[in-house]
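How does the following fold in three dimensions:
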Amino acid sequence: MSILVIADHDNQTIKSATLNTVTAALNCASGDADVHVLVAGANASTAAEAAAKIAGVAKVWLADAAHLGDGLAENVAAQVIAMAHGYTHILAPATPYGKNVAPRVAALLDVAQISDITRVESADTFERPIYAGNAIATVQSADVVKVITVRGTGFDAASPSGGDALIESVPAVKDSGLSQFVGRQVTKLDRPELTSAKIIVSGGRGLGSSENYANVLTPLADKLHAALGASRAAVDAGYVPNDYQVGQTGKIVAPELYVAVGISGAIQHLAGMKDSKVIVAINKDPEAPIFSVADFGLVDDLFSAVPLLVKAIA
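Residues are numbered from 1 along each chain as shown. The predicted structure follows:
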């Protein structure tokens, strides 16, 4: 029996969360089980070649058709179902793409989805966070096929090189006709993408305005070569677009360094960043919850502290 990973990709490259999902799949594998990757897209041979190089992958299935190019859940899920026989586990990254496809796959297979796992205990037992990460549930599944989404921050990324998997084309399913791709508005950033950044500088309501956000945080992010993030309060206040949001209803991150500036540390925000390797918090309120998870905390006015920090960084 084998394990299938649904690759998140843009038809040219494999998204980083897929690498973490491959690691989770390898942890699920027992005995002689192989890990296969499905690349469903349009003109996606380049993405399939990248998937074939991932360490630990035994085979890459390439389903190539125009109606698969935009990742519509109805079509991708149908493609997975057409190939599901013989797989004990079907895994997808817990990205917007994976969260869109996996529930439909689970429903069509009439099994329960296991969402957002952070640890594999055995082939049928997994850990996943609940209550905004304040508790960890151990979930055991008796389903013949386990459909799982994987929280990328819970697993190390598989090496994107070193593999030499066989690439096989598989017939694409017909267009379901249930949905239609209309358009996509993409925010282009000059900085690293939040979920893959090694250093993140985030700002909260304490910054007071979008002008202060830009004037205070941008120089620090430039010095650290960091991505910029924000709390939900800062996003709701209009300081930055919602693509910047870190937290339970935003993006889940686990960088090497997370700098929280003017963020009080609401439980929803902590759920999205508390797995960061090193957390630095700057807040004038000594009772701010952010200090409970911070490795280093500075109780000070951010408008004086941050510029001094920028000057101190070589």
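
In the worst-scoring helix or strand of the chain on mean pLDDT, which of the residues would be classed as buried?
The helix or strand of the chain with the poorest confidence is helix 267-273; it has a mean of 93 (mean pLDDT, DSSP states H and E). Judged by neighbour count using 16 or more other Cβ atoms under 10 Å, the buried positions of helix 267-273 are 268-273. All C-beta spots, glycine's among them, are computed from the backbone N, C-alpha and C.

can you check stretch 181-199 too?
Applying a neighbour-count criterion of 16+ other Cβ under 10 Å, one finds 192, 194-195, 197, 199 buried in stretch 181-199.

Tell me which residues of the following helix or strand past the least confident helix or strand of the chain come out buried.
Later in the chain than helix 267-273, the nearest helix or strand by DSSP states H and E is strand 278-283. Using 16+ other Cβ under 10 Å as the test for burial, strand 278-283 gives 279-283.

What is the distance between strand 278-283 and the centre of its chain?
The chain centre lies 22 Å from the centre of strand 278-283; the measure is Cα atoms, centre = their mean, to the nearest Å.

Over to stretch 77-94?
Distance, stretch centre to chain centre, for stretch 77-94: 19 Å (Cα atoms, centre = their mean).

going forward, begin numbering at 28 instead of 1
With 28 as the first residue, the last one maps to stretch 104-121.

Alpha carbons of that stretch, as PDB, please.
Output of stretch 104-121 as PDB, limited to C-alpha atoms (Å, rounded to 0.1, in the frame of the first residue of the first chain):
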ATOM      1  CA  ALA A 104     -10.800  16.300  -6.000                       C
ATOM      2  CA  ALA A 105     -12.300  14.200  -8.900                       C
ATOM      3  CA  GLN A 106      -8.800  13.500 -10.100                       C
ATOM      4  CA  VAL A 107      -7.700  12.300  -6.700                       C
ATOM      5  CA  ILE A 108     -10.800  10.100  -6.400                       C
ATOM      6  CA  ALA A 109     -10.000   8.500  -9.700                       C
ATOM      7  CA  MET A 110      -6.600   7.500  -8.400                       C
ATOM      8  CA  ALA A 111      -7.500   6.800  -4.700                       C
ATOM      9  CA  HIS A 112      -7.700   3.000  -5.000                       C
ATOM     10  CA  GLY A 113      -4.700   1.400  -3.300                       C
ATOM     11  CA  TYR A 114      -3.800   4.300  -1.100                       C
ATOM     12  CA  THR A 115      -4.000   4.100   2.600                       C
ATOM     13  CA  HIS A 116      -3.400   7.800   3.200                       C
ATOM     14  CA  ILE A 117      -4.100  10.900   1.100                       C
ATOM     15  CA  LEU A 118      -2.300  14.000   2.400                       C
ATOM     16  CA  ALA A 119      -2.500  17.600   1.400                       C
ATOM     17  CA  PRO A 120      -0.800  20.700   2.900                       C
ATOM     18  CA  ALA A 121      -3.000  22.800   5.200                       C
END
